[in-house]
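S.K.: Kindly return the folded structure for what I paste below:
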Amino acid sequence: MSSTRKLKRALVVISPDLVDPGSPRESALISRALELAKASGCELELFHACYDPSLEQGMFGSDPAVLDEKQRVTNREAALLAELVVRLKSEGVTVHHDVRWDHPRTDAILRKIEDSQPDLVLKESREHDFVMGLTRNTDWDLIRKSPANVWFVSGSTAPVSTVTTAIGISTRNDEPFSAVDYDVFRTAAGMAKGFNAKHYPVHAFQAPSGMAMYAAYAPDMVAAVSAPAQSGRLARDRQQVAAAHGRSIRAFADSLGIAADEIRVEEGHRAEVLPRVARELESNLIVMGARSLSRWARVVRPVTAEPVLAETPCDVLFVKDDAEARIPVASEPPLRGTPPIDLERALTDPQAFFGSPLSVASHEQISPALRRRILQIWEQYVRAQMTAEGEGGTVGTTSVDVMDEIHAAKARLLCDEPPEAAPQRSLAAVR
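M.R.: Next up, the predicted model:
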């Protein structure tokens, strides 16, 4: 997938804890997705893969009652996600959503990418502590297996104001740049322009040390070993490497129509240089390339992507090469969630959708959190209409009795909940 084409659709991978009305929090992922959509005009598709291993135990996994429970859970979480969609649409953004019962999580995401063909995938950066490539988790696997570019969002909700671009993927002295580098640079330049941000291309090269194998995992070790040996043949080799990279930088800059001095050149391994430069520049986003490597290849070959993601406090966007993606095949079609009611209409015009406030409180197909939200919206509408009438506006059909009914519905909803259940906020409260 070419990274230089116009951004039309971004797939936003929703973390399980965001689809939980009991633990709402500030969502950097949603803030970044909204910022991206407004800056680029792209549409968003929110995706959540739900799963409960307790419903997959042995022979009971295909029992009709178990299947019904899976569908109920999937529908419930689809309703929670639909509420967030309504809020994002109110910001003027085109949004779709999809909830599936699918597992393992990485495979579910890859299958969704194959189905939707997004130009970009956004996901919270949740995995750290990269150790020799021996661990396996969703973030690392998506870096290598996703056919689409992947943007990992850090915890910051600050707008994108500074973009740092890593160019020069190859470690070979005679070929420090590849076709992906041009995609990386153009993608980063486009992002910087869209966000009206500063753009700093960075090229890191490593002097010969005889320990390139370990450079991806312990750059400080490499620096310690190579520092004393700055004379004789090693010193001459270092000068030749630096000169070769300098010539390549000038050729690369000329091909892009920019000045060579616009590209910052640093000696050292990229896994050490990029996080350091990003901190110095107070970057919000690093853009870099990523190869499609197997898990074993991550162990035996020097890598940069995973250590950079683990060590960098800001967002990282990985521009993928054109290697053919390996999409895992599901053993059976995943269940898809459907909200039990038209939440968009219910949340934007509850008085027209429901017969009365009490019918909202008794609607057991949707969660108590969503019912509370609907009653709050209804109350806000009634108060606004009563205020308008009091200020001499057109008298409508609003009655004080409606407000009493809303209060009665809230009280009934509270009484129907277990005593230990504290009031919960819904996903729409995530800001």
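
S.K.: So which bits of the helix or strand hosting Gln376 are buried?
M.R.: Assigned by DSSP states H and E, Gln376 belongs to helix 368-390. Within helix 368-390, the residues scored as buried using 16 or more other C-beta atoms under 10 Å are 368-375, 377-379, 381-382, 385-386. (Each C-beta comes from the backbone N, C-alpha and C, glycine too.)

S.K.: Keeping just the C-alphas, turn stretch 103-121 into PDB.
M.R.: Extracted as PDB, the C-alpha positions of stretch 103-121 are listed here (Å, rounded to 0.1, in the frame of the first residue of the first chain):
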ATOM      1  CA  HIS A 103      -9.600 -13.800  19.000                       C
ATOM      2  CA  PRO A 104      -6.600 -13.700  19.200                       C
ATOM      3  CA  ARG A 105      -6.600  -9.900  19.300                       C
ATOM      4  CA  THR A 106      -3.800  -9.400  16.800                       C
ATOM      5  CA  ASP A 107      -5.400 -11.800  14.300                       C
ATOM      6  CA  ALA A 108      -8.800 -10.100  14.800                       C
ATOM      7  CA  ILE A 109      -7.200  -6.700  14.000                       C
ATOM      8  CA  LEU A 110      -5.300  -8.100  10.900                       C
ATOM      9  CA  ARG A 111      -8.500  -9.600   9.600                       C
ATOM     10  CA  LYS A 112     -10.300  -6.300  10.000                       C
ATOM     11  CA  ILE A 113      -7.500  -4.500   8.200                       C
ATOM     12  CA  GLU A 114      -7.900  -6.900   5.300                       C
ATOM     13  CA  ASP A 115     -11.700  -6.400   5.200                       C
ATOM     14  CA  SER A 116     -11.700  -2.600   5.500                       C
ATOM     15  CA  GLN A 117      -8.500  -1.800   3.500                       C
ATOM     16  CA  PRO A 118      -7.700   1.400   5.500                       C
ATOM     17  CA  ASP A 119      -5.000   3.800   4.600                       C
ATOM     18  CA  LEU A 120      -3.900   4.100   8.200                       C
ATOM     19  CA  VAL A 121      -4.400   2.200  11.500                       C
END
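
S.K.: Measure how far it is from the centre of its chain, please.
M.R.: 12 Å (C-alpha atoms, centre = their mean, to the nearest Å).

S.K.: swap in stretch 253-267?
M.R.: 30 Å.

S.K.: separation between Ser31 and Ala158?
M.R.: 9 Å (C-beta to C-beta, to the nearest Å).

S.K.: Neighbour count: these two, which is higher?
M.R.: Ser31 (17 against 14; other C-beta atoms under 10 Å).

S.K.: Do me a favour and get the backbone dihedrals for the nearest residue to that one once chain neighbours are set aside.
M.R.: Distance criterion C-beta to C-beta, 6 or more residues apart in numbering; nearest residue to Ser31, sequence neighbours excluded, is Thr157 at 4.4 Å. Note on Thr157: backbone dihedrals following degrees, to the nearest 10 are phi -110, psi 10.

S.K.: list the contacts for Trp277?
M.R.: In this structure residue 277 is Val, not Trp. 164, 200, 202, 264, 266, 283 (C-beta atoms under 8 Å, 6 or more residues apart in numbering).

S.K.: how close does Val265 sit to Arg247?
M.R.: Val265 is 12 Å from Arg247, by C-beta to C-beta.

S.K.: Neighbour count for these two, which is higher?
M.R.: Taking other C-beta under 10 Å, Val265 and Arg247 do not tie; Val265 has more neighbours (17 against 11).

S.K.: Quick check, that one in contact with Ser248.
M.R.: No. Taking contacts as C-beta atoms under 8 Å, Val265 lies outside contact range of Ser248: 10.2 Å.

S.K.: Dump the contacts of Val277 to CSV, plus secondary structure.
M.R.: Converted to CSV, those look like this (DSSP: H, G, I helix; E, B strand; the rest coil):
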residue, secondary structure
Thr164, strand
Tyr200, strand
Val202, strand
Arg264, strand
Glu266, strand
Ser283, coil
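
S.K.: farthest-separated two in those?
M.R.: Glu266 and Ser283 (14.1 Å; C-beta to C-beta).

S.K.: Comparing the two, which residue is more hemmed in?
M.R.: Remark: of Glu266 and Ser283, Ser283 carries more neighbours, 27 against 16, as counted by other C-beta under 10 Å.

S.K.: which ones are touching the more buried one?
M.R.: Ser283 makes contacts with 162-164, 200, 277, 314, as judged by C-beta under 8 Å, 6+ apart.

S.K.: any idea which of the residues you listed is closest to Ala37?
M.R.: Val163 (17.7 Å).

S.K.: quick one: the strands in the protein?
M.R.: Remark: strands assigned in the chain by DSSP state E are 9-13, 43-50, 95-101, 120-124, 149-153, 162-166, 198-205, 264-267, 285-290, 315-320, 335-336.

S.K.: These: lowest mean pLDDT?
M.R.: Among the strands of the chain, strand 264-267 has the lowest mean pLDDT, at a mean of 86.

S.K.: what's the closest non-adjacent residue to Leu347?
M.R.: Val86 (4.9 Å).

S.K.: Can you check the pLDDT for the one you found?
M.R.: 82.

S.K.: just checking, it touches Pro350?
M.R.: No. Applying C-beta under 8 Å as the test, Val86 and Pro350 come out as separate, 11.7 Å apart.

S.K.: Could you check which of those two has the larger neighbour count?
M.R.: Neighbour count, other C-beta under 10 Å: between Val86 and Pro350, Pro350 has more, with 21 against 18.

S.K.: Contact partners for the residue lying closest to the more buried one once chain neighbours are set aside?
M.R.: Nearest residue to Pro350, sequence neighbours excluded (C-beta to C-beta, 6+ apart): Trp378, at 4.4 Å. Applying C-beta under 8 Å, 6+ apart, we find Trp378 in contact with 350-351, 357, 360, 406.

S.K.: got it, and Ala330?
M.R.: Counting by C-beta under 8 Å, 6+ apart, the residues that Ala330 touches are 102, 107, 111.

S.K.: before we move on, what about Gln117?
M.R.: Gln117 is in contact with 9, 148, counting by C-beta under 8 Å, 6+ apart.

S.K.: List phi and psi for it.
M.R.: Per degrees, to the nearest 10, the backbone of Gln117 is at phi 50, psi 50.

S.K.: Can you give me the distance of it to Ala10?
M.R.: For Gln117, the distance to Ala10 - C-beta to C-beta - is 12 Å.
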